[in-house]
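Undergrad: How does the following fold in three dimensions:
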Amino acid sequence: MNKITKRIAAIVGVSALSLTLAACGSDKTVASYKGGKITESAYYEEMKKSTAGQSAFQNMIIQDVLDEQYGDKVSSKKVTTEFNKYKKQYGTSFDSVLEQNGLTQSTFKKNIKTNMLTETALKDLKKITKAQETKAWKSYEPKVTVQHILVKTEAEAKTVIAALAKGESFKTLAAKYSTDTANKDDAGKIAAFDNTDTTLDSTFKEAAFKLKEGEYTKTPVKTQYGYHVIKMMNRPAKGTLADHKKEIDDQLYTSMLQDSTVMQSVIAKVLDKADVDIKDSDLKNVLSQYAVSSSKSTSTKSSSK
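TA: Model prediction:
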């Protein structure tokens, strides 16, 4: 489920809990039993003291404020399109995967929207500098496509390399030798990746990026999984920074989204602009981690309930 949740990085987990304020002059019963009942006010008093309840309240504020400031830039169509990508990826197991992570289709859609709103806020409040782009360009590699054959021993890898030198096809050798069952029957082809990919071993990526199109590694590449023989199938020219400015900026923003310090400062600015007024004194510090200045004290003003 990490593939689903890793993109919802800026706001940690949208709780299923909901803090509902009892209407003035009304205290509805939410549960009853022989000899007693639990009212909305009792539930509220209990929940606001708990870590889970405070976290839910904090998330509700952040989500609403983000939606108020950036909602016009995140359409329901965009959210649905992103949602359908995941639904297609997981197929018939989609609902069970969501359930395993305490989500429903509705709450997952809400998470997607929150993530999009957060990314929109980031791009609005944190502008990429030329210095950042220049630094990122040094390590930038456009997406490449490679084939690989994974074996258990160095000797097996050398056997494969020798066979390639004699003209045997990579496809035939992958089917015969590779232990990577995910792609051995597809000539060892793996999904295209660039320098920011985190699913591949860094040693593997380093060896791959040194290859020209059509070349293969002449010595075995050792990783935690075994020994690889890698062949470059498609290697676009790196070009210039100007050619890839969008990709560079996207990479930088992706990195920022995963940086809790950066994202905390972004949310702090959003909350500061919203001038949040928390009425319940017991919850006055729920946004304290987003303090942006000593004079404003997280833009929250407390007053007695």
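Undergrad: so where is this protein shaky, pLDDT-wise?
TA: Low-confidence segments of the chain (pLDDT under 70): 1-26, 292-305.
Undergrad: hey, where'd the strands end up in it?
TA: Under the criterion DSSP state E, the chain carries strands at the ranges 29-33, 36-39, 145-151, 221-223, 226-234.
Undergrad: ranking the ones you listed by burial, who's on top?
TA: strand 145-151 (a mean of 24; mean count of other C-beta atoms under 10 Å). Every residue, glycine included, has its C-beta placed from N, CA and C.
Undergrad: which residues in the stretch 101-250 of the chain form helices?
TA: Counting by DSSP state H, counting those that start in this stretch, the stretch 101-250 of the chain has helices at residues 105-125, 130-139, 154-165, 170-177, 202-209, 245-257.
Undergrad: Okay, buried residues for the fifth one please.
TA: When you say that, I think you mean helix 202-209. Judged by neighbour count using 16 or more other C-beta atoms under 10 Å, the buried positions of helix 202-209 are 204-205, 207-209.
Undergrad: Nearest to V74 among those residues?
TA: For those, the residue nearest V74 by C-beta to C-beta is K205; the value is 32.9 Å.
Undergrad: For stretch 106-119, list every residue counted as buried.
TA: Within stretch 106-119, judged by 16+ other C-beta under 10 Å, the buried ones are 108-119.
Undergrad: picking that back up, would you reformat the helices of the stretch 101-250 of the chain as CSV and include distance to Q54?
TA: CSV is the format used below for the helices of the stretch 101-250 of the chain (distance: least, C-beta to C-beta, whole Å):
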stretch, distance to Q54
helix 105-125, 18
helix 130-139, 35
helix 154-165, 54
helix 170-177, 54
helix 202-209, 39
helix 245-257, 24
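Undergrad: Show me the one of those that comes nearest T196.
TA: Closest among those, once you apply C-beta to C-beta, is helix 245-257, at 5.2 Å.
Undergrad: so who does the residue lying closest to F209 once chain neighbours are set aside touch?
TA: Distance criterion C-beta to C-beta, 6 or more residues apart in numbering; nearest residue to F209, sequence neighbours excluded, is E141 at 5.2 Å. Residues near E141 by C-beta atoms under 8 Å, 6 or more residues apart in numbering: 194-195, 209, 238.
Undergrad: So what does E141 have for phi and psi?
TA: phi -130, psi 130 (degrees, to the nearest 10).
Undergrad: Now do A274 against L125, distance only.
TA: When distance is defined by C-beta to C-beta, to the nearest Å, A274 is 13 Å away from L125.
Undergrad: again, but for V229
TA: 46 Å.
Undergrad: for D280, same thing?
TA: 29 Å.
Undergrad: and if you look at E141?
TA: E141 is 29 Å from L125, by C-beta to C-beta.
Undergrad: Check D27 too.
TA: For D27 relative to L125 (C-beta to C-beta), the value is 41 Å.
Undergrad: before we move on, what about A175?
TA: 51 Å.
Undergrad: before we move on, what about N59?
TA: Shown here: N59 relative to L125, a distance of 19 Å by C-beta to C-beta.
Undergrad: Same check on V221?
TA: For V221, the distance to L125 (C-beta to C-beta) stands at 42 Å.
Undergrad: Pop the domain breakdown of this protein in here.
TA: Annotated domains of the chain cover 2-128+246-290, 141-234 [automatic domain parsing].
Undergrad: mind giving me CSV with these and columns for distance to T134?
TA: What follows is the domains of the chain, written out as CSV (distance: least, C-beta to C-beta, whole Å):
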stretch, distance to T134
domain 2-128+246-290, 9
domain 141-234, 15
